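J.: 3D model of this:
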Amino acid sequence: MDYEYIEIVGARENNLKNVSLKIPKKKITIFTGVSGSGKSSIVFETIAQEAGRQLNETYSKFVQGFMPKYSHPDVDSIANLSLAIIVEQKKIGGNSRSTLGTITDINPLIRLLFSRIGEPHIGPSNYFSFNDPNGMCKTCEGIGRIVTLDLNKALDKEKSLNEGAILLPGYKVGTWLWKMYASTGFFDCNKKIKDYSKEEYYKLVYWKPEKIKSSVVEGMNTTYMGLVERFMHQNIKTEFEKSQASQKKIAPFTTETKCNDCDGKRYNKKTLSTKIMGYTISDFTAMQVDELLALIQKIDTKSAKPIIQNLSERLSDLINIGLDYVSLDRETSTLSGGESQRVKMVKHLTSSLTDSIYIFDEPSIGLHPRDVHRLNELLIKLRDKGNTIIVVEHDPDVIKVADYIVDVGPKAGANGGRIVFEGSYVDLLKADTLTGQYLNKSLSIKSNPRKCNDYYETKKSSLHNLKNVSLKIPKGIFTVVTGVAGSGKSSLVNGVFAKEYKDAILISPTQTK
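T.: Numbers count the residues shown, from 1 in each chain. Now for the predicted structure:
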């Protein structure tokens, strides 16, 4: 048996026609072919599936019950598999506590740096975590945002209390909750809310809890608080929020705003009092990655050199894969599919695992042509650590970096499922396959584009990194929005245009609406 190859015998998943194949180990092998030719059936549903299944079987049945389920692929045999790590075109997801800094393990290094050389010294590294009680802002619990009452929906300022100005559920005129305000004597119940003085409005809306004589039950004391305080107390800061039915009921009256106590920075005041070169930890994570790298390289404290070296390597990896424009406080749920895959690649680069199989699903998607060479460098770097790299790809500039190419076809579906070429890129250019033929062709530029006088136009927006711009799309015409990764294309098209024009059909690698 040749242990230098992954050997597949008789693969028949989906449209595969009894495929047998030898894939060189510790090399970059790229699978090419038209969509539906069978590439993914070989790579994901045969190789990755069997590697996952065999790994699972090393655990006890009890542990297996908590793990992903892998069925036996339709194949006679697969030999010489290693641990398979699959890096797909899927968003990382995660909740509001998951950021680029936490997912790449860069934040722990920054926290360690602040605990070592930050002034004044306040404690160990966990004091600089927004996910730790010692570091988080207590008001927003480290989220940076709070859910609060949307007063535009909760109050009809054109009405008085007696006319039903309070629109919240349970506050109809004459109810107990309504009396908590109307019967206090604090307000003229026939006066429209829009005519309230600043003091009256504050008393109605924002007043902090205060003990008063009950205006509802004679002889009893009660706690008076403004509408916002009462709403938060009843619906947000209690077990009430855990009920889906309750959340649905209050959702129309809530809005998410930046936390006033930490100004959206997630950390408490004590944590933000510690600085390095005049910058807080929040300042560090809010910088673009390339700016942060330039800053930390100015730190010459001897005790911090090992941390700085490690930080520099990880930040450089993000820059080299074309993510120089992101900041470490960027929530992972806002990363695109392409950005997510590149972040996963960088994360794996710092792993000490070797002799593994890394499987990538079209890693060039979302990359500007300018950045493809950076992707290739990362693939090579992973290979040179002693790993086997398997890539499903269409981009000619990525295919060029392959040590070995497997072309699947000849066409798609029932007309695919066969190996039509194996070898080098140079030999593929000479091969009589669809991939070989089209690598030698180039599309002509359209010489007579359509003209249009009618447009869809959005309002100006500053969403994410947009600089107060609008989008003007001609009707009835094929329009392409281009620019380097991170320039704002998705923010402008998906985040602004698709939301303003509700009839727009959004089709992306991660979402269909």
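J.: In the sheet, which residues pair with residue 421? Tell me.
T.: Beta bridges link residue 421 to residue 407, judged by DSSP bridges.
J.: what's the pLDDT at it?
T.: Looking at residue 421, its pLDDT reads 98.
J.: Was I right to think it contacts residue 428?
T.: Yes: counting by CB atoms under 8 Å, residue 428 is a contact partner of residue 421 at 6.0 Å. Heads up, the C-betas are built off the backbone N, CA and C, glycines and all.
J.: which ones are touching the closest residue to residue 235 other than its chain neighbours?
T.: Excluding its sequence neighbours, the residue lying closest to residue 235 (CB to CB, 6 or more residues apart in numbering) is residue 250, at 5.0 Å. Going by CB atoms under 8 Å, 6 or more residues apart in numbering, residue 250 touches 169, 231, 235.
J.: So which of these is surrounded by the most neighbours?
T.: Compared across the contacts of residue 250, residue 231 has the highest neighbour count, 22 neighbours, by other CB atoms under 10 Å.
J.: residues contacting that residue?
T.: 148-149, 154, 168, 250, 253.
J.: Leaving out sequence neighbours, find the closest residue to residue 100.
T.: Closest to residue 100 by CB to CB, 6+ apart is residue 330, at 4.7 Å.
J.: these two touch, right, that neighbour and residue 99?
T.: Yes: with contact defined as CB under 8 Å, residue 330 reaches residue 99; the gap is 6.2 Å.
J.: how many neighbours does residue 330 have?
T.: Using other CB under 10 Å: residue 330 sits among 21 other residues.
J.: How about residue 471?
T.: The number of residues packed near residue 471 is 20, by other CB under 10 Å.
J.: Next up, the contacts around it.
T.: 457-458, 481, 492-493, 496-497.
J.: Could you give me the PyMOL syntax to select whichever of the residues you listed are buried?
T.: PyMOL command restricting these to the buried ones, with burial defined by 16 or more other CB atoms under 10 Å:
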select buried, resi 458+492+493+496+497
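J.: show me where pLDDT drops low in the stretch 1-150 of the chain?
T.: Within the stretch 1-150 of the chain, the segments meeting pLDDT under 70 span 1-2.
J.: where do the helices sit along it?
T.: With helices called from DSSP state H, counting those that start in this stretch, the stretch 1-150 of the chain shows them at 39-42, 49-56, 61-64, 100-103, 107-117.
J.: Please identify the deepest-packed of those helices.
T.: For these, average neighbour numbers computed from mean count of other CB atoms under 10 Å are highest in helix 39-42, which has a mean of 24.
J.: could you say what helices and strands that helix packs with?
T.: Packing partners of helix 39-42 (3 or more CB pairs under 8 Å, 6 or more residues apart in numbering; DSSP states H and E): strand 5-11, strand 28-32, strand 404-409.
J.: Using PDB, write out every CA atom in the last one.
T.: I take that to be strand 404-409. What follows is strand 404-409 as a C-alpha-only set of coordinates in PDB (Å, rounded to 0.1, in the frame of the first residue of the first chain):
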ATOM      1  CA  TYR A 404      -2.000  18.200  -8.600                       C
ATOM      2  CA  ILE A 405      -5.400  18.800 -10.400                       C
ATOM      3  CA  VAL A 406      -8.300  16.400 -10.700                       C
ATOM      4  CA  ASP A 407     -10.900  17.500 -13.400                       C
ATOM      5  CA  VAL A 408     -14.300  16.000 -12.900                       C
ATOM      6  CA  GLY A 409     -16.900  15.700 -15.700                       C
END
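J.: Noted, bye for now.
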